[in-house]
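Visitor: After the sequence you'll find the predicted model.
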Amino acid sequence: MEENTWKGNCPPLPLSALRLLVPPIQMVSAAIWQTVQKKVVADYGMLEEFVSMVTDIVPELLTTHQRAQLILGLRARLILELCQFEATADFELVQPHLDRVQMLIEAWVMEVSAANMEVPHSEFVDLVKNLLKNPDEREHFFQNVFPEEFGPSYDEALHTLMWMFLSRLEKFLPLQTFQQVASMFGEVSSVLEECMDSVSRHEELKTLLQYQKDLSQLDHNELMHCMADSNTLPE
């Protein structure tokens, strides 16, 4: 699994300006990736819904088993996060998520029944209900069971599956050249006016251009620094 990140001295680009540079789907993918990397479990429900929606339309992005592991894994991790703390270990709060898991499991069973495959998280709903009813059981679970079954290895599995999903989605929706995009337009005059109006009157475009200019200058300065260093190497 390869990760390409840029590290430099420029401050982060404001989101409003970044939207002018990056296509919306790529922005969503980047935000999802950041969420998984930082383990913002509270947002895993949104991630599961996005993966489910996309793979419902384009199931080829993941195998049936990979899809079930990812979407059920994300939702299960969110539910356990809620159950772990007294303030959120409330049945009414957790129930909608359990209903979602039950629906996903039933859909999975219908999809793989002919293949006689094992259903992931099939006993998960009963486990969560027991944890919510029994505080002692909940304490034991999170002290002894959770670190082993839902700890770093579980997080790494979600991390890998999400990387696979986002990478394949990126290949499925490649960036288009301006010539390719132009061929998709209808009325040229109305498109031109709308597109120009969306960028030319906003400070975000100036911010984006200045940011890219600063990056170019930074790259140039680094190149000059490397050339100067090479000239001072001992013979």
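Guide: Here it is on my side, so go on. Residues are numbered from 1 along each chain as shown.
Visitor: contacts, neighbours, all on C-alpha from now
Guide: Will do.
Visitor: show me where this protein has strands.
Guide: Here the chain has no strands by DSSP state E.
Visitor: hey, where'd the helices end up in it?
Guide: Listed in chain order, the helices of the chain (DSSP state H) span 15-21, 24-37, 44-57, 64-84, 91-112, 124-133, 135-140, 146-149, 152-172, 178-182, 188-199, 203-231.
Visitor: least reliable of those helices going by mean pLDDT?
Guide: When these are compared by mean pLDDT, helix 203-231 comes last with a mean of 67.
Visitor: Dump the helices of the chain into a markdown table; add mean neighbour count as well.
Guide: Shown next, in a markdown table, are the helices of the chain (neighbours: other Cα atoms under 10 Å):
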| stretch | mean neighbour count |
| --- | --- |
| helix 15-21 | 15 |
| helix 24-37 | 16 |
| helix 44-57 | 16 |
| helix 64-84 | 20 |
| helix 91-112 | 15 |
| helix 124-133 | 16 |
| helix 135-140 | 14 |
| helix 146-149 | 13 |
| helix 152-172 | 16 |
| helix 178-182 | 10 |
| helix 188-199 | 11 |
| helix 203-231 | 13 |
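Visitor: Just want the most central residue of this protein.
Guide: With distances taken as Cα atoms, centre = their mean, the residue of the chain nearest its centroid is residue 32 (2.0 Å).
Visitor: residues contacting that one?
Guide: Residues near residue 32 by Cα atoms under 8 Å, 6 or more residues apart in numbering: residue 47.
Visitor: Extract the CA atoms of stretch 180-190 and return them as PDB.
Guide: The C-alpha coordinates for stretch 180-190 follow below in PDB (Å, rounded to 0.1, in the frame of the first residue of the first chain):
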ATOM      1  CA  GLN A 180     -12.600  15.800 -22.800                       C
ATOM      2  CA  VAL A 181     -14.700  18.000 -20.500                       C
ATOM      3  CA  ALA A 182     -15.400  20.400 -23.300                       C
ATOM      4  CA  SER A 183     -16.800  17.600 -25.400                       C
ATOM      5  CA  MET A 184     -19.400  17.000 -22.600                       C
ATOM      6  CA  PHE A 185     -20.700  20.500 -22.600                       C
ATOM      7  CA  GLY A 186     -24.000  21.600 -24.100                       C
ATOM      8  CA  GLU A 187     -24.700  25.200 -24.900                       C
ATOM      9  CA  VAL A 188     -21.200  26.900 -24.900                       C
ATOM     10  CA  SER A 189     -22.300  30.400 -24.000                       C
ATOM     11  CA  SER A 190     -24.400  29.500 -20.900                       C
END
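Visitor: these two touch, right, residue 98 and residue 126?
Guide: No - counting by Cα atoms under 8 Å, residue 98 stays clear of residue 126, with 9.6 Å between them.
Visitor: Now residue 211: closest residue in space, sequence neighbours ignored.
Guide: residue 13 (7.3 Å; Cα to Cα, 6 or more residues apart in numbering).
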